[in-house]
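Chemist: Need the 3D shape of this:
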Amino acid sequence: MSAPENPAPALLCEGVSKRFGSNLALDGVNLRVAPGTIHALCGENGAGKSTLMNVVSGLLQADSGKVEIHGARAKFSSPLDAVAAGIGMVHQHFLLAEGLTVIENVELGRRGSPFGWRFKRREAEQALAVLSTETGLAVDPKARVADLPVGLRQRVEILKALSRGARILLLDEPTAVLAPPEVHTLFATLERLRASGRTIILITHKLAEVFALATEVTVLRRGKQVFADTLQGLTPAELAREMVGEAADIPAPVETVLGATVLEAAGLTAPGEHGTGLREATFTLRAGEILGVAGVEGNGQDELAGVLAGTHALKSGRIRFLEKDCAEVSVAGRVEAGLALIPSDRHHEGLVLDLSLAENLFLRGAAGAKGVEGAGAWPKRFTSAKDLNVVAASRLREFGVVPPEPALPAAALSGGNQQKVVIARELARSPKLLLACNPTRGLDVAAAAAVHARIVEAARKHGAAVLLISSDLDEVLHLSDSIAVLYAGRLKVLGSRGVERERVGRAMVGADLEPAPA
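Modeler: Numbers count the residues shown, from 1 in each chain. Coordinates of the predicted model:
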């Protein structure tokens, strides 16, 4: 019997609306995804993409509208209902129990095993090994999640969804933590999954990924669907215009004029937290210079930023900031001297989610939320909460935070808007040294371009020395005056602007680096 000419959509959303208080997050959204395809879902931060996917995955219930899965009406009361219907969601911020092993996380929450302990461990590990081989997503089932770098944690999330029979896979920014070779591997994996009949919905801000993988795209803007079509004949500039209302480009680099040395790092060695640590990193950074450090997460990036900011213990080595030895300088002292930090993890290191946006904007300390002395203190010039909110509202509007409501808790914002709050606070310090760790992760095209422009302005106009640590190779290549790579805790400066992309990509996975000393 032949297949029907027009099979039912794998996923159909019609008139889906969702309100949070006065905020209409979804306003009658329609989405139609053909089975066995890769469909891109795009839009600005706060456009409603994650809210819509949370409805589809059972984390939220829509106020109105309908959802159909392969032609059958679906109304999920919990994520378990969505899993049973064949929906698998991989969130941008992973939902893993860090104290458990990989296999325990994969088994955790299955029906009939609510606490994740009643399973045949050996059989489960063997099944996971087979799935890992089939998908190319290798991971040690016995490893504790807390000991894994971010890239491997993402693999665990994907494998968890697939192991539960997901036929529709929802991926939120899946390449954010991957090096170029790993991105190619993931792309091949997604193509294999699509060829096997699975349907993939890709939430991404990277237009290159959309055109490399997807056949159709849907664009949301301010909670409404504004565009839905095939990608055939569509250009990246046209898609960007649909997303943000106008084409948005990263600012072209301008002539670099370097000043005095701001930072000298010699032989920095530090123990690892979730990766290999840092081993004898040596470099200098001058005023007006942007040094980009590329690398797959878990290769020493957190330790490098931490020892420079003073939040991570330095085993050996020397740091001189503005010609002063930092050995005895506290976190607060470095901040006072002109250091600012945009951390890679905005939830745990950049914000206090229960505090208001106004309070988060005026936190002090490295990234404002590392528990250092003075965190939470308001500037002396503010005599009341009203004064604080007036200035905060202005800053929120300046950096495009939506909604720009100072009294809102940071937890109420989308991930991209939370990142904007962190960046607004740190750049307002007019820093002498800016440590920017994945500064545009989770940001849409326009917001990322605006952040890039501000980083360039901080260096070129205000003379800040910028250490850009990013897993986004395009970001590093475009913004940096000098380019380095971190691999297995070792930092190697490859050269100035113009280093070949392929060479950087190889170095990110260790192909071009000499064996580490014993």
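
Chemist: residue closest to the middle of the chain?
Modeler: Centroid-nearest residue in the chain, with Cα atoms, centre = their mean: R441, separated by 3.8 Å.

Chemist: Run through the strands of the stretch 201-350 of the chain in chain order.
Modeler: Secondary structure of the stretch 201-350 of the chain (DSSP state E, counting those that start in this stretch): strands located at 216-221, 224-230, 261-270, 278-286, 290-294, 316-321, 324-325, 339-342.

Chemist: I figured V504 was touching G495, is that so?
Modeler: No: with contact defined as Cβ atoms under 8 Å, V504 does not count as touching G495 (9.8 Å). Every residue, glycine included, has its C-beta placed from N, CA and C.

Chemist: These two: which is more packed in?
Modeler: V504 (23 against 12; other Cβ atoms under 10 Å).

Chemist: State whether the more buried one is indeed within a helix.
Modeler: Yes: under DSSP: H, G, I helix; E, B strand; the rest coil, V504 falls within a helix.

Chemist: What is the neighbour count of the closest residue to it other than its chain neighbours?
Modeler: Closest residue to V504 apart from its sequence neighbours, by Cβ to Cβ, 6 or more residues apart in numbering: A294 at 5.6 Å. Look at A294: counted by other Cβ under 10 Å, it has 29 neighbours.

Chemist: Is it correct that A294 is in contact with S471?
Modeler: Yes: contact criterion Cβ under 8 Å: A294 and S471 qualify, at 7.4 Å.

Chemist: Quick check: R425 vs A449, distance?
Modeler: 20 Å (Cβ to Cβ, to the nearest Å).

Chemist: Those two: who's more crowded?
Modeler: R425 (25 against 19).

Chemist: What does A195 show for phi and psi?
Modeler: Here is the backbone geometry of A195 (degrees, to the nearest 10): phi -60, psi -30.

Chemist: Quick check: the gap between it and G36.
Modeler: 8 Å.

Chemist: Which one's more surrounded, the two?
Modeler: G36 (17 against 9).

Chemist: ok, for the more buried one, nearest residue in space, not its chain neighbours?
Modeler: Nearest one to G36, counting by Cβ to Cβ, 6+ apart, is G197 at 5.4 Å.

Chemist: Let me see the contact set for the residue nearest to the centre of the chain.
Modeler: By Cβ atoms under 8 Å, 6 or more residues apart in numbering, the residues touching R441 are E173, A176, S344, Q419, D472.

Chemist: So which of the residues you listed sit within helices?
Modeler: Q419 (DSSP state H).

Chemist: got the contacts of R441 as a markdown table, with distance to I483, neighbour count and pLDDT columns?
Modeler: Putting the contacts of R441 into a markdown table (distance: Cβ to Cβ, whole Å; neighbours: other Cβ atoms under 10 Å; pLDDT from 0 to 100) gives the following:
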| residue | distance to I483 | neighbour count | pLDDT |
| --- | --- | --- | --- |
| E173 | 23 | 22 | 79 |
| A176 | 20 | 20 | 66 |
| S344 | 19 | 23 | 83 |
| Q419 | 23 | 27 | 85 |
| D472 | 13 | 22 | 81 |
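
Chemist: Just put the contacts of R441 in JSON lines and tack on distance to Q232.
Modeler: JSON lines is the format used below for the contacts of R441 (distance: Cβ to Cβ, whole Å):
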{"residue": "E173", "distance to Q232": "25"}
{"residue": "A176", "distance to Q232": "27"}
{"residue": "S344", "distance to Q232": "37"}
{"residue": "Q419", "distance to Q232": "33"}
{"residue": "D472", "distance to Q232": "27"}
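
Chemist: Closest one of the contacts of R441 to A488?
Modeler: S344 (18.3 Å; Cβ to Cβ).

Chemist: Quickly list the domain ranges of this structure.
Modeler: 11-244, 261-508 (automatic domain parsing).

Chemist: can you tell me the helix or strand for L169?
Modeler: Assigned by DSSP states H and E, L169 belongs to strand 168-172.

Chemist: Now do the contacts for L137.
Modeler: Contacts of L137 by Cβ under 8 Å, 6+ apart are L131, R155, I158, L159, T189.

Chemist: Now do the SS call for it.
Modeler: Classified using three-state DSSP, L137 is coil.

Chemist: Over to A484?
Modeler: Applying three-state DSSP: A484 is strand.

Chemist: That one - how many residues pack around it?
Modeler: A484 has 24 nearby residues by other Cβ under 10 Å.

Chemist: contacting residues around it?
Modeler: Applying Cβ under 8 Å, 6+ apart, the residues near A484 are F283, L291, G292, V293, A294, L491, K492, V493, L494.

Chemist: what about the fifth one, distance to A143?
Modeler: I take that to be A294. 25 Å.

Chemist: The fourth one now?
Modeler: Computed as Cβ to Cβ, the V293 to A143 distance reads 26 Å.

Chemist: Between the two, which has more neighbouring residues?
Modeler: Shown here are V293 and A143; by other Cβ under 10 Å, V293 has more neighbours (27 against 14).

Chemist: Then L152 would be within a helix, right?
Modeler: Yes: L152 sits within a helix when classified using three-state DSSP.

Chemist: residue ranges with poor pLDDT in the stretch 301-450 of the chain?
Modeler: 364-384, 442 (pLDDT under 70).

Chemist: That one: helices as residue ranges?
Modeler: For the stretch 301-450 of the chain, the helices defined by DSSP state H, counting those that start in this stretch occupy 301-309, 331-337, 357-361, 385-398, 415-427, 445-460.

Chemist: what's the closest of the ones you listed to R73?
Modeler: Evaluated with Cβ to Cβ, the helices of the stretch 301-450 of the chain place helix 415-427 nearest to R73, the distance being 30.6 Å.

Chemist: Export only the CA atoms of the closest one, formatted as PDB.
Modeler: Taking C-alpha atoms only, helix 415-427 is exported to PDB below (Å, rounded to 0.1, in the frame of the first residue of the first chain):
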ATOM      1  CA  GLY A 415      17.700  33.800  28.000                       C
ATOM      2  CA  GLY A 416      18.800  36.400  25.400                       C
ATOM      3  CA  ASN A 417      17.300  39.300  27.300                       C
ATOM      4  CA  GLN A 418      19.000  38.100  30.500                       C
ATOM      5  CA  GLN A 419      22.300  38.200  28.600                       C
ATOM      6  CA  LYS A 420      21.600  41.800  27.600                       C
ATOM      7  CA  VAL A 421      21.200  42.700  31.300                       C
ATOM      8  CA  VAL A 422      24.600  41.300  32.100                       C
ATOM      9  CA  ILE A 423      26.200  43.100  29.200                       C
ATOM     10  CA  ALA A 424      24.500  46.400  30.100                       C
ATOM     11  CA  ARG A 425      25.900  46.200  33.600                       C
ATOM     12  CA  GLU A 426      29.400  45.200  32.700                       C
ATOM     13  CA  LEU A 427      29.900  47.700  29.900                       C
END
